[in-house]
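> Quick one: sequence and predicted model below, then my questions.
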Amino acid sequence: MTQAHTAPATAGQTSAQVIRLAKGDTDALLALVLQQLDDDQAQDVVSIPLEGKSSIADHMVIASGRSTRQVAAMAQKLAEKIKHDGFGSVKLEGLPAADWVLIDAGDVVVHLFRPEVRSFYNLERMWAFGDAPPVAGTA
């Protein structure tokens, strides 16, 4: 089980507390996410380091599924795996339509898209920083 550090909620957040993991645990969570996406045959997996650049998370992972069914299945399996491995519950957004599903696991945020939706929003370009290009994942 991982050790989590609870930080107080900041302005604009709900009364729920923000869970921050220790550095090693964040790396383990990112590795788990990348491995699970690889196991589920996600396409074009990209990991973008955000540490020191944004307070929303330390890592953002973006991946595609071939269909809404695959996107939904990957999101549900990933949420279950994260919880099962002791990283706590995640927040899922967009699951009913499954064109774009957001998985908020605290220090790692995952965006799963259908390819057409991913190219339309182009999050990689929005979050790419001049000194820290996106890192290709394992898929």
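Here it is on my side, so go on. Numbers count the residues shown, from 1 in each chain.
> Every contact and neighbour count from this point should use C-alpha atoms.
Noted.
> what is the mean pLDDT for stretch 36-50?
The predicted model assigns stretch 36-50 a mean pLDDT of 96.
> do the same with stretch 100-113
Stretch 100-113 comes out at a mean pLDDT of 97.
> got the contact list for it?
Residues outside stretch 100-113 that contact it (Cα atoms under 8 Å, 6 or more residues apart in numbering) are 18-21, 26, 29-30, 56-65, 71-72, 75, 79, 82, 87-95, 98-99, 114, 117-118.
> Could you rerun that using 6 Å?
The contact list for stretch 100-113, computed with Cα atoms under 6 Å, 6 or more residues apart in numbering, reads 57-64, 90-95, 99.
> Which among those count as buried?
Buried residues within those, counting neighbours by 16 or more other Cα atoms under 10 Å: 57-64, 90, 95, 99.
> what residue ranges in this protein score low on pLDDT?
Residue ranges of the chain with pLDDT under 70: 1-24, 128-139.
> the helices in it, which residues?
23-39, 68-84, 115-121, 123-127 (DSSP state H).
> Mind putting the buried ones among the contacts of stretch 100-113 into CSV with distance to Asp40?
Listed next are the buried ones among the contacts of stretch 100-113 as CSV, based on distance: Cα to Cα, whole Å:
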residue, distance to Asp40
Ala57, 23
Asp58, 23
His59, 20
Met60, 18
Val61, 15
Ile62, 14
Ala63, 11
Ser64, 11
Val90, 18
Leu95, 17
Asp99, 17
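> Nice, that's everything, thank you.
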